[in-house]
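Asker: A structural model of the following input is requested.
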Amino acid sequence: MRALLQRVREAEVRVGGQVRGRIGRGILVFLGCRKGDDPALARGLAERCARYRIFEDETGRTQLDLARAGGDLLVISQFTLVADTRKGLRPSFDPALPPGEARECLAAFVERLRELGHRVEEGEFGASMEVRLVNDGPATYLLDTDRG
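Answerer: I've put the predicted structure just below:
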């Protein structure tokens, strides 16, 4: 499972021209699920994302997690994050988890973030989405659960 975190000043996702989710300061998370991933792994990755220290403290050092810095999360499912791009000129999506299982992992991920007390906005699973963001930094981090 991969989570691409972007520290943002603001972000929103639109589906069919309508705003589906919007946050101010916080973290935009693109989540990609691979074959072999499960809801337990998703919950663990959600905890890591929430506690990942990517916000600056008063000295300018990235020492603060989301709770200490204040902010919200916008979570968007993005199966292209797990594409195999090692060869050729076209990505292979064979590593991606089937949609039904990926939806379960996404739900577990979001549920765990909410259990931790965070406000979470979401995209729409499987939809064509338009994402707008103002990256703060820029600061972008890739968290990967791959044990290989």
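Asker: Give me the below-cutoff pLDDT ranges for the protein.
Answerer: Within the chain, the stretches with pLDDT under 70 are 147-148.
Asker: All the strands of it, residue numbers only.
Answerer: 2-15, 18-23, 26-32, 55-56, 62-64, 72-77, 120-122, 129-144 (DSSP state E).
Asker: would you list these in JSON lines and tack on mean neighbour count?
Answerer: Yep, even glycine has a C-beta here, placed from its N, CA and C like the rest. Below are the strands of the chain laid out as JSON lines (neighbours: other Cβ atoms under 10 Å):
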{"stretch": "strand 2-15", "mean neighbour count": "20"}
{"stretch": "strand 18-23", "mean neighbour count": "16"}
{"stretch": "strand 26-32", "mean neighbour count": "26"}
{"stretch": "strand 55-56", "mean neighbour count": "19"}
{"stretch": "strand 62-64", "mean neighbour count": "15"}
{"stretch": "strand 72-77", "mean neighbour count": "24"}
{"stretch": "strand 120-122", "mean neighbour count": "20"}
{"stretch": "strand 129-144", "mean neighbour count": "14"}
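Asker: Centroid-nearest residue for the chain?
Answerer: Centroid check for the chain by Cα atoms, centre = their mean gives Val29 as the closest residue, at 2.1 Å.
Asker: Quick check: bridge partners of the residue nearest to Val131 when sequence neighbours are not counted?
Answerer: Nearest non-adjacent residue to Val131, counting by Cβ to Cβ, 6 or more residues apart in numbering: Val13, 5.1 Å away. Beta-bridge pairing of Val13 under DSSP bridges involves Gly21, Val131.
Asker: my guess is Val13 meets Arg20, correct?
Answerer: Yes. The pair Val13 / Arg20 is scored as a contact, 5.1 Å apart, by Cβ atoms under 8 Å.
Asker: which neighbours do these two share?
Answerer: Common neighbours of Val13 and Arg20 (criterion: Cβ atoms under 8 Å, 6 or more residues apart in numbering): 121-124, 129.
Asker: follow-up on the earlier one: run through the residues that contact the residue nearest to the centre of the chain.
Answerer: So Val29 contacts 3-6, 49, 73-76 (Cβ under 8 Å, 6+ apart).
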